[in-house]
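# how would this look folded up:
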Amino acid sequence: SFTKEYISKINKRVYDSTAHVYDEEHQHNVFCAENQKRVEKILKYIIKDIDRNGNSVRLLDAGCGTGNILRLSKDKVGLVVGTDVSEECLKLSSRFTNNLACSDVSSLPFRSASVDVITAYSVLHHLFDYTEFLSEAYRVLAKGGWLYTDFDHNNLMLRTMFPLFRKKILSMPILNLIKR
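You can find the predicted model right below:
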């Protein structure tokens, strides 16, 4: 039977064994130039919204994998931090920051209200229960912070989240952003 622990163990095993080829194997979808430009535009929008007063933006990439979001945001924010269950992915992510923690996204090792932006790029569909992550993200986000999820092709998750956040989502210029 599938449990949270089983799913986490499988994710760790798969990504520990494939981290060294992950970027190359996904260069035509996750890492294609068009997608990277789109993500950069979204990150720029979020950072600009938070950094209105010249504050130093703190970004957490939950489930950072090999460091795609860390790479795209490291020069745009004051602090960039990544977490992942895969130690091999974290080794590759260290190219972009030394602020890394081996952690499941449903139990983030950060104080409440300690970050301004949380990204979860291609993460939610890997989780046994994504609502645990959403609760943790809400806890860790500072007031006025942003949660950005993307590249998740789990229709069940989308069908569940859209009714919950319909008014908020439709009022935003970008569909897949949730602001606290």
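# can we go C-alpha only for contacts and neighbour counts from here?
OK.
# name the element the residue most central in space within the chain belongs to?
When C-alpha atoms, centre = their mean is applied to the chain, the residue found nearest the centroid is Ala120 (1.7 Å). Secondary structure assignment for Ala120, by DSSP states H and E: strand 115-121.
# next SSE after that strand?
Past strand 115-121, the next helix or strand by DSSP H and E is helix 130-140.
# one step back: doesn't Gly65 make contact with the residue nearest to the centre of the chain?
No: with contacts counted by C-alpha atoms under 8 Å, Ala120 stays clear of Gly65, the gap being 9.9 Å.
# wait, isn't Ala113 in contact with Arg139?
Yes: taking contacts as C-alpha under 8 Å, Ala113 lies within contact range of Arg139: 6.2 Å.
# contacts for stretch 113-130 next, please.
Outside stretch 113-130, the residues that touch it by C-alpha atoms under 8 Å, 6 or more residues apart in numbering are 3-4, 7-8, 11, 46-47, 50, 57-64, 69, 106, 137, 139-154, 157.
# next step: those residues restricted to helices.
Secondary structure assignment (DSSP state H) places Lys4, Ile7, Ser8, Asn11, Ile46, Ile47, Ile50, Ile69, Ala137, Arg139, Val140, Met157 from the contacts of stretch 113-130 within helices.
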